[in-house]
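*Asks:* I would like to see how this sequence folds:
(one chain, ligands or ions: 1)
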Amino acid sequence: MRTTPSLLSAGLAAVTGLIAFAPGSSSAQTPAAPAAVGATRVAQWQGDRKGAFLMMFDDGCPSHVKNVIPELKKRNLAGTFYIVPNKGEYKAKLAFWETEAPAIPGILYGNHTFSHQGFTDPEQAEKEIARANDLILKLFPGKSPRLISYASPGGVKSAITGDQLKTILAKHNLITRPTFQGHGGAIQFKTADDILKGVDKAMAGGGMEHVIFHGVGGDWISFDLGQFTTLLDGLETRRGSLWITDPVSVHKYETERGTAKVAVAAADAQQIRLELTCGADAALYDQPLTLVTRVPAAWAKCQVTQGTQKLTVTADKGEVRFDARPNAGAITLVPQ
Ligand SMILES: [Zn+2]
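*Replies:* Numbering: from 1, shown residues only. Below you'll find the predicted structure:
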């Protein structure tokens, strides 16, 4: 039973929008104040998923052709392949790497240099990196310039400085991928369970996990094939709450989210109008961000419009989730 709030607390409630509650009731029993219509948060990860996960595969191993890509394709899972176009293993499967694999949804390539030879001087390093980049841009046509993931070849010497490498990477819009240290398949991660434990931890904390494989069921630093398919099965059961994607998408999302601001320009029973901005360069940072917006209780469905993009979304507990592009114009929500 509620006691009548005093005039003072009723007045405060009107000003702050807080719900007044009877003195003596504990805060645990107090319903949370409902967010105002139009109140919007940027989701931690795309689709308002709890965590993110990346699978990367180095060196264009024959076992990627034979074992990895067919298993990913079967499940429509994403993987990023750091190919080495000047290696014999790559050339032996040229049609696969240059025609078949790029046509599979979710398969992307990263820059691991053209020959995996290491760097003798800045000129040679730039050639090695630029040749690999040109090929990736050719095999995956689309926007140019765009960000591509980069991994320096391991186990070879580099005679250039960190700053010289940084300059080359910046010139070619390359983003250094997450570290191999502590994330190697068959090194730190010997079983599917080792990896899934990291995935579950990421999901519990709103974070990201990643794994970098070489061979899978063959080749070098080989991860067991049975464990690999067990991992993929485990990922499939989590995919509703886990964003399984590529390093560039995660980099863009995190960068944009870091400076994203949502302004509510209008919010009433007929319409909600939002402005989503962020500090990143829109030419390269074009990843949609997922927004979660409080809508009037009467809106079961609504139409979201941004520029020429239109989508219909269903409300869940008075909220709608949708993807929008930062710095790409007003976002309008109307009931449907
Ligand atoms: Zn390598």
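
*Asks:* can we go C-alpha only for contacts and neighbour counts from here?
*Replies:* OK.

*Asks:* could you tell me the end-to-end distance of stretch 282-293?
*Replies:* 23 Å (Cα to Cα, to the nearest Å).

*Asks:* tell me the buried residues in that stretch?
*Replies:* When burial is assessed from 16 or more other Cα atoms under 10 Å, stretch 282-293 yields the following buried residues: 285-293.

*Asks:* got a markdown table for those, with secondary structure, pLDDT and distance to Ala35 too?
*Replies:* Output for the buried residues of stretch 282-293, formatted as a markdown table (DSSP: H, G, I helix; E, B strand; the rest coil; pLDDT from 0 to 100; distance: Cα to Cα, whole Å):
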| residue | secondary structure | pLDDT | distance to Ala35 |
| --- | --- | --- | --- |
| Tyr285 | coil | 97 | 30 |
| Asp286 | coil | 95 | 29 |
| Gln287 | coil | 97 | 27 |
| Pro288 | coil | 97 | 24 |
| Leu289 | strand | 98 | 21 |
| Thr290 | strand | 98 | 18 |
| Leu291 | strand | 98 | 15 |
| Val292 | strand | 98 | 12 |
| Thr293 | strand | 98 | 9 |
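
*Asks:* which SSE is Val304 in?
*Replies:* strand 301-306 (DSSP states H and E).

*Asks:* pairing partners for that strand, with directions?
*Replies:* For strand 301-306, sheet partners with direction are given as strand 309-314 (antiparallel), strand 331-335 (antiparallel), following DSSP bridges.

*Asks:* so which bits of the first one are buried?
*Replies:* Buried residues in strand 309-314, counted by 16+ other Cα under 10 Å: 312-314.

*Asks:* could you identify the helix or strand that succeeds it?
*Replies:* strand 319-324.

*Asks:* please work out the average pLDDT along that following strand.
*Replies:* Taken as a whole, strand 319-324 has a mean pLDDT of 98.

*Asks:* follow-up on the earlier one: by how many degrees do the strand holding Val304 and strand 319-324 diverge?
*Replies:* Using axes from the mean of the first three to the mean of the last three Cα atoms, to 10 degrees, the direction of strand 301-306 lies 20 degrees away from that of strand 319-324.

*Asks:* other residues contacting strand 301-306?
*Replies:* When contacts are defined by Cα atoms under 8 Å, 6 or more residues apart in numbering, strand 301-306 is touched by residues 310-315, 322, 324, 328-336.
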